[in-house]
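**Student:** quick one, fold the following:
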Amino acid sequence: MRQQRIILARTTKRPRLSRTDRPLLVLLASRVRFWRPALLIVQPETLLRWRRTGFRLLRRWRSAVGRRRPPGLAPDTIALIERMGRENRLWGAERIRGELAKLGIRASKRTIQKYLRRARPPRPAGQSRRAFLRNHAGETWACDFLQLTDLLFRPVFALYIVELGTRRVVHVGVTRSPTGPWTAQQLREATPEGTRPRFLVHDHDAKYGPAFDRLAAASGVEVIRTPVRAPRANAVCERLLGGVRRECVDHVLVLGERHLRRVLAEYVGHFNHARPHQALDQRTPTAVGIATRHPPTDAGRRIVALPVLGGLHHEYRHTD
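**Tutor:** Prediction:
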């Protein structure tokens, strides 16, 4: 009671306990048999919570004092471990431990692993998707559906098949009802006379159907489905479809299926043969793999503009 009066005497509104008040009240409560009725400024549960907190801190302090840490490695040894890790990418912790033992330096495997993580990042368990596409882009195709609406707000679907290495549009098909047999027929038309990729990337859309997968397997094409909720897994095709919207169909009134097929065919011809791409070092898809020839700069040569899609785009060429 005396300690509680001291606390109340130095506060005006709400009693504020200092760091020494809490352990002192806990100590006094441990000495008094009937301490609960004597509490005025705190609840009994609060006092018990303080006691549990102090007990945890005491155990933590005793554990830290009783635990003996081994002496750390010398800075020169740490630098040597990191140097071995950088210069020998194939060496693991046990291999470096053996090299250190040859030099008369003792270190545990876990300690070497700790400093190896600082010296070099962990190697991925498998090949990343970006590395896979970079290594096999020349023999990989990707396909995806573009859903549009005509003048009467009826849905029209366009299936795009693009080659990842050159960004060339291999095939485009237009229909109002994209069934499994129709999608398989588009793949058949895109691979005439044995022209086929090694891999074909597409999402889990039900429009492909089992007939599409059976035809791809019969043609020797391995189908790779993109992971769920991974929009970047088919980024090249997604970027192409976005460009088709922004550069073509957003500026054209689609009258019907036939009209959309004609418009997309004209845009694909412009896309493959005349449109430069940043990913291809400002070359066109059909010019990939061909030595770039720079025509002589002649101020007298005339440059003509050829309209595409009714003047929506233009192709510029030198006159003969």
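**Student:** switch to C-alpha atoms for all contacts and neighbour counts from now on
**Tutor:** Will do.
**Student:** residues touching residue 254, list them.
**Tutor:** Contacts of residue 254 were listed using CA atoms under 8 Å, 6 or more residues apart in numbering, and they are 149, 150, 151, 260.
**Student:** sort out for me which of those residues are in helices.
**Tutor:** residue 260 (DSSP state H).
**Student:** mind checking which of the contacts of residue 254 are buried?
**Tutor:** Among the contacts of residue 254, those classed as buried by 16 or more other CA atoms under 10 Å are 149, 150, 260.
**Student:** tell me the one of the residues you listed nearest residue 197?
**Tutor:** Of all the buried ones among the contacts of residue 254, the one sitting nearest residue 197 is residue 260; the distance, using CA to CA, is 27.0 Å.
**Student:** give me the pLDDT for the residue sitting nearest the centre point of the chain.
**Tutor:** Per CA atoms, centre = their mean, the C-alpha nearest to the average position across the chain is that of residue 232, at 6.9 Å. Reading off the confidence values, residue 232 has pLDDT 81.
**Student:** so where is the stretch 101-250 of the chain shaky, pLDDT-wise?
**Tutor:** For the stretch 101-250 of the chain, residues meeting the criterion pLDDT under 70 lie at 121-130, 132-133.
**Student:** mind redoing it with 80?
**Tutor:** Scanning the stretch 101-250 of the chain for pLDDT under 80 picks out the ranges 120-137, 194, 231.
**Student:** what ranges do the helices span in it?
**Tutor:** Counting by DSSP state H, counting those that start in this stretch, the stretch 101-250 of the chain has helices at residues 109-119, 129-135, 180-190, 209-218, 235-247.
**Student:** give me whichever of those helices is most buried.
**Tutor:** Stretch with highest mean neighbour count among these: helix 180-190 (a mean of 18; mean count of other CA atoms under 10 Å).
**Student:** run through who's touching it.
**Tutor:** Taking contacts as CA under 8 Å, 6+ apart, the residues outside helix 180-190 that touch it are 161, 170-173, 196, 207-212, 215-216.
**Student:** what distance separates stretch 252-271 from the centre of its chain?
**Tutor:** For stretch 252-271, the distance between its averaged C-alpha position and the chain's averaged C-alpha position is 33 Å (CA atoms, centre = their mean, to the nearest Å).
**Student:** how about it: buried residues?
**Tutor:** With burial defined by 16+ other CA under 10 Å, the residues of stretch 252-271 counted as buried are 252, 254, 256, 257, 260, 261, 263, 264, 267, 268, 270, 271.
**Student:** return the subset of those lying in helices.
**Tutor:** If you go by DSSP H, those have 257, 260, 261, 263, 264, 267, 268, 270, 271 in helices.
**Student:** doesn't residue 174 make contact with the third one?
**Tutor:** What it means is residue 261. Yes - contact status for residue 261 versus residue 174: in contact at 5.9 Å, counting by CA atoms under 8 Å.
**Student:** rewinding a little: ok, which pair from the contacts of helix 180-190 is furthest apart?
**Tutor:** 170 and 210 (21.9 Å).
**Student:** strands along the stretch 1-150 of the chain, start to end?
**Tutor:** For the stretch 1-150 of the chain, the strands identified by DSSP state E, counting those that start in this stretch occupy 140-149, in order along the chain.
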